[in-house]
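Student: Below are the sequence and a predicted model; questions follow.
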Amino acid sequence: MSYQTRLLTVLCVLIIVTVSFLTYKDILSYYYTGPDTLPLIKTNRMESAGDVTRIFTQKLMNETGFTSTYYRPISSLSFSIDYMIWKLNPFGYHLTDLILHILVSVSIFFFTRLLMKGDQIIPWLAAIIFATHPALMSNVPVISRRQDIIAALFLLLSLSMFLKSFYQRGSKKLFLLLSLFSYVVALGAKEIAIIVPALIFAYTAIFSEKAPFKEKVAYSLKESLPFFVLTLAYLMWRTYVLSGLGGLEERVGFLKPVLMPIRYFKLLLFPLALPSISGPVIDVVKIFIPILAIIILTYTVFHKKDLFLIKGRSKKIFSVFCALLFLAAVLSAIAFILSPLALPSVYNVFESIHEKNAPKFLYGAIKLEDIKPVEHYSHEAGTLLQGTLLFVLFISGSCLVSLLKFEEIKKFTLSTISGKSCLFCLCWLIFPLGIYVITLTFSSRCMYIPVIPFSILLSIGLSEGFRSCRKHWKVYKPYKDKGSRSLLVSKSIGLLILIALSISLLLTSPLVVSYKDWENAGEISFMYLGKFAEIVPGLPNNSVIYLYGFPYWFGYPALAHDIGPAMNLVDYSIKSWIDLHCQRNDIEVFVKTYSYLKKVPDDIDMHVESDGKSVRILAIYKYN
């Protein structure tokens with residue numbers, strides 16, 4: 001590696017670290033965030049050597065009232081280390097999360113450089129897109145969700161070590177062992193790391209030089225077999241510890257798995273499918289991208305019109321199918337552009353439902369029992385509408401272009417590093433979605449790992465689009481023939497779509513926009529627990545506390561940004577806090593009623609009533 005290459009590498013890493021830090025530096029001043037943070041700290045304190053064994057042989061947040069069953073010992077161990085260093089200082093826990101996120105961003109740079117065989121620009125761009133992607137606001141500011149960050153870090157290390165073992169003969173075994181070890185650590189952080197064997201199988205199948213299909217499959221199975229064996233061993237041990245499969249214990253509606261792909265896709269594109277995200281540039285981009293999509297699809301179909309004139313039954317079926325895809329894409333694009341006109345009507349419908357002026361079956365289906373404000377449901381409906389339209393546009397448009405330009409795409413995918421990398425990243429995007437659909441566990445917090453391949457895909461698209469436009473411009477400039485002009489126009493439109501998407505993501509990233517939802521929820525928790533601390537020492541032994549007017553934060557407009565609303569403290573959060581701060585493990589806590597807050601109060605008063613062991617605490621919120 002030359003001196004100039006090393007210098008460029010150092011410069012790229014420094015920029016990535018700086019951008020990652022600036023994007024999330026504000027979280028260092030946050031209080032405890034997330035309902036599970038305090039229980040995780042409490043259950044993972046290490047006071048003796050035996051506690052290490054306990055962490056690796058019990059379920060997550062054991063004996064705290066947490067109903068779901070997970071096995072994540074590496075994440076638990078990170079809280080143990082934090083507690084030894086920082087005790088109960090929330091700054092330290094947020095600092096750990098920020099450092100981990102920076103390490104993931106840097107790891108993306110080095111992994112993508114391996115993937116792209118030494119290219120520096122695409123990896124740097126991928127790391128910057130990832131570090132600033134707004135969907136990650138569901139993870140980085142939330143102490144209890146660091147398991148996604150740890151899993152992503154070691155997943156990337158596992159893949160990077162495998163890539164090194166794949167191409168280096170002398171140190172192949174060492175890198176393979178490091179890859180397997182990193183995979184085990186990633187699994188111990190969060191279950192989604194189980195996609196690693198499938199990713200390795202996909203990578204070897206795509207990048208290996210074995211020509212016949214059967215040889216590729218056999219070779220890929222051989223290379224990924226150690227990872228599948230480790231997966232089986234992990235699942236057996238996890239089943240033993242949890243006394244079953246474990247997972248999320250909640251009722252899931254039949255629509256959830258159907259809507260998962262739409263929500264998944266919507267969170268990747270983020271600002272485009274959210275009616276509440278607005279601004280001069282964003283509003284233009286929301287119209288600009290679907291219009292460009294219509295133009296490029298029309299352009300593609302027009303230049304392939306001879307395919308629609310070929311006679312024969314199979315060709316007619318093909319033509320009809322392409323025509324239907326084109327119609328679906330164009331209609332969804334037009335509907336998306338016009339959708340803002342329908343949003344006020346959507347709001348009115350949900351307001352009438354909220355006031356019980358709608359049919360009973362509809363009211364019952366939505367379950368608007370004054371649990372959440374009507375704005376929440378109207379926003380969800382508007383988001384679902386725009387997300388569905390974008391999803392239809394993307395799927396139908398992609399299928400149409402793939403069919404009409406099959407040979408060009410096949411050549412790009414099979415004969416270039418960029419094409420093979422795109423195919424690998426598409427597999428990476430599909431595998432987690434498949435896991436989420438099967439396990440029915442998808443939410444905005446699950447997007448941390450999927451954003452990695454999305455960022456790589458977008459960076460490859462931008463780089464290849466720019467190179468292609470420059471190449472075709474050089475061809476068109478001296479001769480100005482129609483064929484080269486046609487290609488230049490087509491490539492330029494595609495590049496403009498990717499640039500517009502990148503700008504919209506940057507303008508809605510935490511680097512540019514101040515997201516206060518988690519900060520505000522933490523501030524309310526700090527005020528509430530501070531007042532609560534004054535009461536607990538005077539309570540009798542074995543008290544049972546009933547909380548009335550418990551704070552429930554509904555953050556607007558952050559909720560409307562759909563990065564996942566800030567989750568509030570729950571009864572087992574309060575119980576863990578009492579055990580940690582007041583050393584009172586004889587107290588039970590139950591939340592009876594909530595106060596729904598849209599604004600951070602200036603002060604909180606607590607009225608206490610006691611009849612011996614039963615204590616009722618009512619919180620009253622004051623605003624100046």
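Tutor: Perfect, I can see it now. On a predicted model such as this, the values are computed, not experimentally measured, just so you know. Residues are numbered from 1 along each chain as shown.
Student: Using PDB, list the CA coordinates for the helix or strand harbouring residue 41.
Tutor: For residue 41, the host element (DSSP states H and E) is helix 37-43. Extracted C-alpha coordinates of helix 37-43, given in PDB (Å, rounded to 0.1, in the frame of the first residue of the first chain):
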ATOM      1  CA  THR A  37     -32.200   0.400  30.500                       C
ATOM      2  CA  LEU A  38     -32.500   0.500  34.300                       C
ATOM      3  CA  PRO A  39     -33.500  -3.200  34.500                       C
ATOM      4  CA  LEU A  40     -30.600  -4.100  32.200                       C
ATOM      5  CA  ILE A  41     -28.200  -2.200  34.500                       C
ATOM      6  CA  LYS A  42     -29.700  -3.800  37.600                       C
ATOM      7  CA  THR A  43     -29.700  -7.400  36.400                       C
END
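Student: Packing partners of that helix?
Tutor: Contact here means 3 or more C-beta pairs under 8 Å, 6 or more residues apart in numbering; DSSP states H and E; on that basis helix 37-43 packs against helix 73-86, helix 571-577. (Glycine included, C-beta is placed from N, CA and C.)
Student: what about 10 Å?
Tutor: Packing partners of helix 37-43 (3 or more C-beta pairs under 10 Å, 6 or more residues apart in numbering; DSSP states H and E): helix 73-86, helix 90-115, helix 146-167, helix 517-535, helix 571-577.
Student: any idea how far residue 440 is from the closest residue to residue 155 other than its chain neighbours?
Tutor: Computed as C-beta to C-beta, 6 or more residues apart in numbering, the closest residue to residue 155 that is not its neighbour in sequence is residue 186, at 4.6 Å. Separation of residue 186 from residue 440 (C-beta to C-beta, to the nearest Å) stands at 22 Å.
Student: Next one: residue 208 from residue 456, what distance?
Tutor: 20 Å.
Student: err, residue 157, not the other one
Tutor: In terms of C-beta to C-beta, residue 157 sits 16 Å off from residue 456.
Student: returning to what we had before: with neighbour numbers in mind, choose between residue 208 and residue 456.
Tutor: Taking neighbours as other C-beta atoms under 10 Å, residue 208 and residue 456 compare with residue 456 leading, 28 against 14.
Student: Let me know whether that one touches residue 424 as I believe.
Tutor: Yes - with contact defined as C-beta atoms under 10 Å, residue 456 and residue 424 form a contacting pair (8.8 Å).
Student: which residues does residue 588 contact?
Tutor: With contact set as C-beta atoms under 10 Å, 6 or more residues apart in numbering, residue 588 has these partners: 65, 542-546, 571, 575, 578, 613.
Student: Name the nearest residue to the residue most central in space within the chain, sequence neighbours excluded.
Tutor: Taking C-alpha atoms, centre = their mean, the centroid of the chain lies closest to residue 447, which sits 1.4 Å from it. Spatially, and ignoring its direct neighbours in sequence, residue 447 is nearest to residue 135 (4.6 Å; C-beta to C-beta, 6+ apart).
Student: so where's the stretch 151-300 of the chain shaky on pLDDT?
Tutor: 169-170, 247-255 (pLDDT under 70).
Student: now do the chain
Tutor: For the chain, counting by pLDDT under 70, the residues that fall below are 1, 67, 169-170, 247-255, 305-314, 350-377, 479-483, 555-566.
Student: domain assignment for it?
Tutor: With domains defined by automatic domain parsing, the chain comprises 3-242, 517-622.
Student: mind putting those in JSON lines, distance to residue 502 included?
Tutor: Putting the domains of the chain into JSON lines (distance: least, C-beta to C-beta, whole Å) gives the following:
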{"stretch": "domain 3-242", "distance to residue 502": "7"}
{"stretch": "domain 517-622", "distance to residue 502": "18"}
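Student: and residue 460, which of those domains is closest to it?
Tutor: Residue 460 lies closest, by C-beta to C-beta, to one member of the domains of the chain: domain 3-242, at 5.7 Å.
Student: what's the span of that closest one from first residue to last?
Tutor: 52 Å (C-alpha to C-alpha, to the nearest Å).
Student: give the contact list for the nearest residue to residue 194 once chain neighbours are set aside.
Tutor: Of all residues not flanking residue 194 in the chain, residue 231 sits nearest, at 6.1 Å (C-beta to C-beta, 6+ apart). Residues in contact with residue 231 (C-beta under 10 Å, 6+ apart) are 183-184, 187, 193-198, 224.
Student: Could I get the full set of strands for the stretch 501-624 of the chain?
Tutor: With DSSP state E, counting those that start in this stretch as the criterion, the stretch 501-624 of the chain has strands at 544-548, 550-553, 588-591, 594-597, 603-610, 614-622.
Student: hmm, who's touching the last one?
Tutor: Strand 614-622 is contacted from outside by 524, 527-528, 531-532, 535-536, 538-540, 543-551, 587, 589, 592-595, 597, 599-610, using C-beta under 10 Å, 6+ apart.
Student: repeat for stretch 474-490
Tutor: Taking C-beta under 10 Å, 6+ apart as the rule, stretch 474-490 contacts 295-296, 299-300, 302-303, 405, 468-473.
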